[in-house]
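[1] heads up, no residue letters with this:
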């Protein structure tokens, strides 16, 4: 292989890389490529940012081509390719924080326009970084609006609180303990219970597979795929296998997995261990969203192997996650082959969401019948919903499947300030907007309204076009850029939604159909669903039959 | 095995892709990121077809055939997606030197102007930083062929990567390093596989920029590379008795279309005294 051209790494840069390598145990041998993302994190912690010199030195020490290292480093929003400002300020400008009064205008007025990660390949190195960044959802929506100053999360953020933190005066944090269950909640997953590991080991693989099949457990990440089907496929596959917990929760308004990781990390560690036992996997890890530092710390304390993401929603797509773990750009793979056959490192891999795995300990302890005693025929068990936006008590609520949407909103205290309901974004930004007439809808996978488990409430004062534009921008910003329908389609969708009053609905609809039909992965395939579902709720398009029958399914 | 294409039964072999089966039966699909000698990446989505039982459309360049598979290559769904892929590309990059893409646009009635004037385009300066080839990423459709040809599918030089992400993703030498300071060995295999002229030999670029590009005065002469004992097949592209580009047939059993820097760019000695090449 050709060598990298001689680089001009300064002494400080070589020292930072050396310290990062030593910290991760690679002082002598060249690390494998799968150490690239952990090492990029470590180098950034040592040097403050990833300078060209640092990246050249890291490429040489890892015996990787420099362009490969650059390609990976430039993919992730948390990895900084330019020097950061003296104090790093991130203000969430996503759906929930906007609804709860994020101080975006005040920040702009006092500190200038924000910078924003848009997949910049060629950032400037002249130190002219903006004083603050506008960032997508930080997954702290129960405390919205939120900001992060350096590594400190500011809840219920106001301009005064943010500026106090910028000046080094950190406000005291409010307690984050889970509140007691409200009437109607059924806490089955979210509780501390006895360990199920001994029982699972006693049962062994075959009995565990039967149990999961009998329980009817469906994946809680959004796709509602039967866990038993994945598990059996991997259990029956030859050779070395992997089990992965997908904790890359990044969809705006979604924070249920963060709560489980922070409050009940042992559930996840046990769930993963049970999955490994059932499928015969020797290797397991939890891929945790990069911004979830506290969650990663608490998970690591249980002894489970934690792999940190670095700011890319797309890495929650399972095959993009595998590439990320392998030290490649987080671009989804074409399927087939499916993960059960060709997963991480090309090995058969079972990958489940945090909440899915967190159901396993109680399932093992109580059995399938007790599990099925809650929920509906086709959606067994309970579900965690992250309720945020214009409600009195935002938070995570655990309810049986089949619970009415209106009842869930009542648990969260109903629409705040006595206002009237305009719409509910049900299932996250890849979900659907429902109008006030939908409060009787039961929440269940068969009703196609569960999605990521995010429920965002908009009162009568909310600007729906503004929220739709923010959703469109989220998909544009988070597209990996690989396939044409998503890379260019999400950009065009944003442009059309920004002038939604006058835009041609036929083009929007055509675009939605093609992104759904022809994109490689679920990001592009669902990037138009919420927007199309909202068109009938907009004044200009009310009653437009062309918009109302789009349900996100191909065809 | 037997598969069904637009209602007709055709024979296909185990392990074949749908595209291979289509071509073997005298049919075809539009392709931009596909190349016979590169691993399919299936990113352009121009070749998508409808397979009964599959929720979304599938890329025919990489999906393997299965017995009894029912495929539709000309349904409204297929035409709509293909048409929009061409529209999206043409609305965002300069397609003036992309004849295949232009042909597909005409065939599918693509209208890139339907998104209006106020649309973001890929804005990149011409990168003209060496004597052999130029890079104009304002024409790049991110087909990844250059990355593959530079990497494990041909050259094993690894001088190129995709960088950034989303609409801002670009092909990059790493931190936008000038080619002479990068890992590039100037084999030009990236230039040979580029479908849009985003990568172009400098001589061709200068002819075009000077308004002297004249396809009617061009011809191609086949020969064998004289440099070493491998014996690579060469095609000399000539205008007004001056070579402006050297390629190798992609079906050549010796080269698979790939060459080294000498075969690709080391031809000036052929040309005796006379008018110097356009500068």
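    Nice, I can see it. Since we're looking at a predicted model, the values are computed, not measured.
[2] which ones are touching the nearest residue to residue A:146 once chain neighbours are set aside?
    The shortest distance from residue A:146 to any non-neighbouring residue, by C-beta to C-beta, 6 or more residues apart in numbering or on different chains, is to residue A:140 (4.5 Å). For the C-beta atoms, the positions are set from N, CA and C on the backbone; glycine is no exception. Counting by C-beta atoms under 8 Å, 6 or more residues apart in numbering or on different chains, residue A:140 makes contact with A:92, A:146, A:153, A:155, A:255, A:258.
[3] with residue A:304 instead?
    A:265, A:268, A:269, A:272, A:284, A:285, A:286.
[4] quick one: the strands in the stretch 351-500 of chain A?
    A:382-389, A:395-400, A:421-426, A:432-434, A:454-459 (DSSP state E, counting those that start in this stretch).
[5] tell me the strands beside the first one, with direction?
    Right, the one you point to is strand A:382-389. Partners of strand A:382-389 in the sheet, by DSSP bridges, are strand A:395-400 (antiparallel), strand A:454-459 (parallel).
[6] so which of the ones you listed is the most packed in?
    Highest mean neighbour count of these: strand A:454-459, a mean of 26 (counted as mean count of other C-beta atoms under 10 Å in any protein chain shown).
[7] for it, what is the average pLDDT?
    Averaging pLDDT along strand A:454-459 gives 98.
[8] with stretch A:182-189 instead?
    On average, stretch A:182-189 scores 95.
[9] so which bits of that stretch are buried?
    Judged by neighbour count (16 or more other C-beta atoms under 10 Å in any protein chain shown), stretch A:182-189 contains these buried residues: A:185, A:186, A:188, A:189.
[10] helix, strand or coil for the third one?
    By that I understand residue A:188. coil (DSSP: H, G, I helix; E, B strand; the rest coil).
[11] one step back: narrow the contacts of residue A:304 to those in strands?
    Judged by DSSP state E, those include A:284, A:285, A:286 as members of strands.
[12] top of these by neighbour count?
    Highest neighbour count within the ones in strands among the contacts of residue A:304, by other C-beta atoms under 10 Å in any protein chain shown: residue A:286, with 28 neighbours.
[13] show me what that residue is bridged to.
    residue A:245, residue A:306.
[14] gap between it and chain B?
    24 Å (C-beta to the nearest C-beta, to the nearest Å).
[15] is that residue in contact with residue A:307, as I believe?
    Yes: Residue A:286 lies in contact with residue A:307 (C-beta atoms under 8 Å); the separation is 6.9 Å.
[16] list the buried residues of stretch B:101-121.
    B:101, B:102, B:104, B:105, B:108, B:110, B:112, B:115, B:119, B:120.
[17] now the residues you listed in a markdown table, with pLDDT?
    Listed next are those as a markdown table, based on pLDDT from 0 to 100:
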| residue | pLDDT |
| --- | --- |
| B:101 | 98 |
| B:102 | 98 |
| B:104 | 98 |
| B:105 | 98 |
| B:108 | 98 |
| B:110 | 98 |
| B:112 | 96 |
| B:115 | 93 |
| B:119 | 95 |
| B:120 | 96 |
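[18] also near chain A: which of those, exactly?
    B:115, B:119, B:120 (C-beta under 8 Å from any C-beta of the partner chain).
[19] check which residues of stretch A:209-217 are buried.
    Within stretch A:209-217, the residues scored as buried using 16+ other C-beta under 10 Å are A:209, A:211, A:212, A:213, A:214, A:215, A:216, A:217.
[20] that should have said stretch A:60-67, apologies.
    For stretch A:60-67, by 16+ other C-beta under 10 Å, it's A:60, A:61, A:62, A:64, A:65, A:66, A:67.
[21] now do that stretch: distance from first to last residue.
    11 Å (C-alpha to C-alpha, to the nearest Å).
[22] pull the longest helix from chain A.
    Secondary structure of chain A per DSSP state H: the longest helix is helix A:197-215.
[23] so which elements touch it?
    helix A:227-235, helix A:265-279, helix A:360-366, helix A:368-372 (3 or more C-beta pairs under 8 Å, 6 or more residues apart in numbering or on different chains; DSSP states H and E).
[24] just tell me which of those helices ends up closest to residue A:521.
    helix A:227-235 (17.3 Å; C-beta to C-beta).
[25] who touches that closest one?
    Contact with helix A:227-235 is made by A:205, A:209, A:212-213, A:215, A:217-219, A:241, A:243, A:275, A:278-281, A:338-341, A:348-352, A:356, as judged by C-beta under 8 Å, 6+ apart.
[26] is residue B:79 in contact with residue B:108, as I believe?
    Yes: at 6.4 Å, residue B:79 counts as touching residue B:108 under the criterion of C-beta under 8 Å.
[27] next up, the contacts around residue A:179.
    A:393, A:395.
[28] for residue A:259, see how far away it is.
    Residue A:179 sits 11 Å away from residue A:259, going by C-beta to C-beta, to the nearest Å.
[29] ok, residue A:151 next?
    For residue A:151 relative to residue A:259 (C-beta to C-beta), the value is 20 Å.
[30] over to residue A:338?
    Taking C-beta to C-beta as the measure, residue A:338 falls 30 Å from residue A:259.
[31] neighbour-wise, which of these two wins?
    Counted by other C-beta under 10 Å, residue A:338 and residue A:259 do not tie: residue A:259 has more neighbours, with 23 against 15.
[32] helices or strands up against the helix or strand hosting the more buried one?
    Applying DSSP states H and E as the criterion places residue A:259 in helix A:256-263. Counting contacts by 3+ C-beta pairs under 8 Å, 6+ apart, helix A:256-263 is packed against helix A:265-279, helix A:293-300, helix A:354-358, strand A:382-389.
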